[in-house]
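Undergrad: Structure for the following, please:
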Amino acid sequence: MKIFNDVLNESIEIEYPPKRIVSLDPAATETLFLLGLEDKVVGTDAFSYRPEGAKRKVKLGSYTHVKYDLLEGLNPDIIFTTLGAQKYLGEELAKRGYPVYPLRVSTSVSAILNNVLILGNAIGEFEKSRSLYLELLNKINQLPRFNYRPIIYVELDLGGPITPGFPSHISDGIWLAGGMNLFDGTVDAYVEPKIDALLQREPDFIIYEPKRERPDELTRFMESLERRGLHKLKNLPVFMTRGDFLAHQGPSFITEVMPWINNVISSWLRSRK
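TA: Numbering: from 1, shown residues only. Prediction:
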């Protein structure tokens, strides 16, 4: 059967509904499991470890590389990929004749919701995807509201300091959770924060996401601020996440990350009283 893909702006031929699914996108993997399709998922990428059951699936490689000998043996009916850094892998898979169905990178929380429906359509799970969509939407609507919207500086360690701009699910999620991203006026999704810009602005607190969770990570972050001449930021409260928390674009960004941000804001507001 041919099914339309808006990323490719064309229809692709797949077995429909697919019975053997490969997901090389962690967000898609999580969504498939939440839709109850774990038995149809025959392989994933190494970064697909949400939920717990995804860890037990065949790992076909990293985010940008695939072990083709393993993939060929799985004989997938559909392969979910995403854009961004994975765009070229998707193109290579398509050239080799695999049924690739790319999903868009989520530039907002609404895009996370939309991908649930798009994925549900691609696998023929209309009612389940609608139900998950509604569940996630309700989760957003249930977040407590605040009278004051704190300004938050977010720093992600991705081999160097990176901060989200306006067209990112992180910045949008912060706003919906009751805060304001310090760099919400930046037109690029992710940028290296400039020292001058940080010194000129006045965030209320910091959210820091390490590359990986280690006992001394907060100390390392404070030393990094010192080295970069960002002395005044060292006096701000710092709320640290575990690695790959804010950056994840699957449904758990809505069910776990946004409530966590909301709780951080609530905690910070209570501390000011």
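
Undergrad: show me where the chain has strands.
TA: Under the criterion DSSP state E, strands of the chain are mapped to 2-5, 10-13, 21-23, 41-44, 78-82, 100-103, 151-157, 161-164, 180-181, 190-191, 205-209, 238-240.

Undergrad: and those strands as TSV, adding mean neighbour count?
TA: For every residue, glycine as well, the C-beta is placed using N, CA and C. Written out in TSV, the entries for the strands of the chain read as follows (neighbours: other CB atoms under 10 Å):
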stretch	mean neighbour count
strand 2-5	14
strand 10-13	12
strand 21-23	29
strand 41-44	23
strand 78-82	26
strand 100-103	26
strand 151-157	22
strand 161-164	21
strand 180-181	20
strand 190-191	17
strand 205-209	21
strand 238-240	16
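
Undergrad: I'd like those laid out as JSON lines, including distance to residue 224 and mean pLDDT.
TA: Listed next are those as JSON lines, based on distance: least, CB to CB, whole Å; pLDDT from 0 to 100:
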{"stretch": "strand 2-5", "distance to residue 224": "41", "mean pLDDT": "95"}
{"stretch": "strand 10-13", "distance to residue 224": "45", "mean pLDDT": "94"}
{"stretch": "strand 21-23", "distance to residue 224": "34", "mean pLDDT": "98"}
{"stretch": "strand 41-44", "distance to residue 224": "33", "mean pLDDT": "98"}
{"stretch": "strand 78-82", "distance to residue 224": "29", "mean pLDDT": "97"}
{"stretch": "strand 100-103", "distance to residue 224": "34", "mean pLDDT": "97"}
{"stretch": "strand 151-157", "distance to residue 224": "8", "mean pLDDT": "98"}
{"stretch": "strand 161-164", "distance to residue 224": "7", "mean pLDDT": "98"}
{"stretch": "strand 180-181", "distance to residue 224": "20", "mean pLDDT": "98"}
{"stretch": "strand 190-191", "distance to residue 224": "17", "mean pLDDT": "97"}
{"stretch": "strand 205-209", "distance to residue 224": "9", "mean pLDDT": "98"}
{"stretch": "strand 238-240", "distance to residue 224": "11", "mean pLDDT": "97"}
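
Undergrad: Quick one: the ones you listed as TSV, columns for distance to residue 66 too.
TA: Shown next, in TSV, are the strands of the chain (distance: least, CB to CB, whole Å):
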stretch	distance to residue 66
strand 2-5	19
strand 10-13	18
strand 21-23	9
strand 41-44	9
strand 78-82	9
strand 100-103	11
strand 151-157	26
strand 161-164	26
strand 180-181	34
strand 190-191	25
strand 205-209	27
strand 238-240	33
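
Undergrad: Show me the one of these that comes nearest residue 124.
TA: strand 2-5 (9.4 Å; CB to CB).

Undergrad: tell me what that closest one is packed against?
TA: Counting by 3 or more CB pairs under 8 Å, 6 or more residues apart in numbering; DSSP states H and E, the packing neighbours recorded for strand 2-5 are strand 10-13, strand 100-103, helix 109-123.

Undergrad: got the ones you listed as TSV, with distance to residue 254 columns?
TA: Listed next are those as TSV, based on distance: least, CB to CB, whole Å:
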stretch	distance to residue 254
strand 10-13	28
strand 100-103	16
helix 109-123	6
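
Undergrad: can you give me the helices in this protein?
TA: Here the chain has its helices, by DSSP state H, at 26-34, 68-74, 87-95, 109-123, 126-141, 169-176, 195-200, 217-227, 252, 258-271.
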